[in-house]
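[1] below is the sequence, then the predicted model.
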Amino acid sequence: MADLSVKFGTPAPIKFREYDKNHPEVDLDLEVRAAGISVVSAYDGGSYSNDEEAAIKTREIALLSLTDCVRTWPEGKSFWNNATKEVLEKFIDDSLSEHGITAKTDLFSLALTPDSRELYDAVIRNMNEQQWIIDVIDRYKDVIDGNEGQPVTGKSNFDRPPMGKNPFTPVSNDEGFGTDTNTLIGIVPNGSPIKMSGDKYCRNCGAKREGNSKFCTECGAKFD
């Protein structure tokens with residue numbers, strides 16, 4: 001028989017839970033739409049009398065198996081990963097095979113509904129902002145823990161701007177995080193170093209001070 005191409009698409013969004021154990025802060029009920037094509041190369045002549053009957057059954061099984069696979073996605077494994085498309089296609093083909101239909105499926109569309117996309121993007125954006133804050137704090141851990149290391153130069157150490165309100169903006173009320181940047185990383189708003197005695201690190205290049213030397217062995221800057 002000649003190959004039989006059967007297109008299918010979800011008549012209604014499929015509801016599923018997006019939960020990744022590696023990122024427990026992402027735990028959402030979402031909806032997805034999908035569309036694809038199953039190319040039938042053979043079918044059981046005893047079960048299906050003609051191509052039209054086989055095509056109808058192929059479309060029915062493809063949609064049912066797709067819906068079942070999405071709804072029962074393993075808990076703790078993100079739905080949005082590189083293997084998702086392949087897993088869904090194989091599940092559909094295996095289901096068709098169980099019903100006497102040999103086919104190769106290609107999902108050419110798999111997308112969240114607009115409301116689900118907005119919700120998902122908001123959560124991911126918030127998660128990325130929080131991670132960025134953690135990365136910055138880790139970067140200046142020595143400064144926070146022991147007030148050591150003052151790598152202040154003419155160039156800002158913040159190469160990436162925050163995506164939302166800057167949590168390190170100095171505040172004098174109850175808004176934001178209430179963190180004073182000057183205390184946190186040892187610089188004042190104009191980028192100049194805070195005046196301190198007994199420098200342990202060069203304020204110009206950040207090199208560690210050797211003993212009680214008056215000048216930096218790396219760049220020659222004078223210690224206070």
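    Structure received.
[2] helices or strands up against the host helix or strand of Ala62?
    Taking DSSP states H and E as the definition, one finds Ala62 inside helix 51-71. Packing partners of helix 51-71 (3 or more Cβ pairs under 8 Å, 6 or more residues apart in numbering; DSSP states H and E): strand 4-9, strand 14-20, strand 23-43, helix 84-98, strand 101-112. The way it works is simple: take the backbone N, C-alpha and C, and place the C-beta from them, glycine included.
[3] can you give me the buried ones in the second one?
    It stands for strand 14-20. Neighbour counts over strand 14-20 (16 or more other Cβ atoms under 10 Å) mark 14, 16, 18-20 as buried.
[4] sorry, back to before: what angle do the helix holding Ala62 and strand 101-112 make?
    With axes from the mean of the first three to the mean of the last three Cα atoms, to 10 degrees as the basis, helix 51-71 and strand 101-112 are set at 50 degrees to each other.
[5] just the angle for helix 51-71 relative to strand 4-9, thanks.
    Using the same axes, to 10 degrees: helix 51-71 against strand 4-9 is 40 degrees.
[6] follow-up on the earlier one: and the helices and strands packed on helix 51-71: which comes nearest Glu129?
    strand 23-43 (11.7 Å; Cβ to Cβ).
[7] what distance separates that closest one from the centre of its chain?
    With Cα atoms, centre = their mean, to the nearest Å as the basis, strand 23-43 stands 19 Å off its chain's centre.
[8] helices or strands up against it?
    strand 4-9, strand 14-20, helix 51-71, helix 84-98, strand 101-112, helix 114-139.
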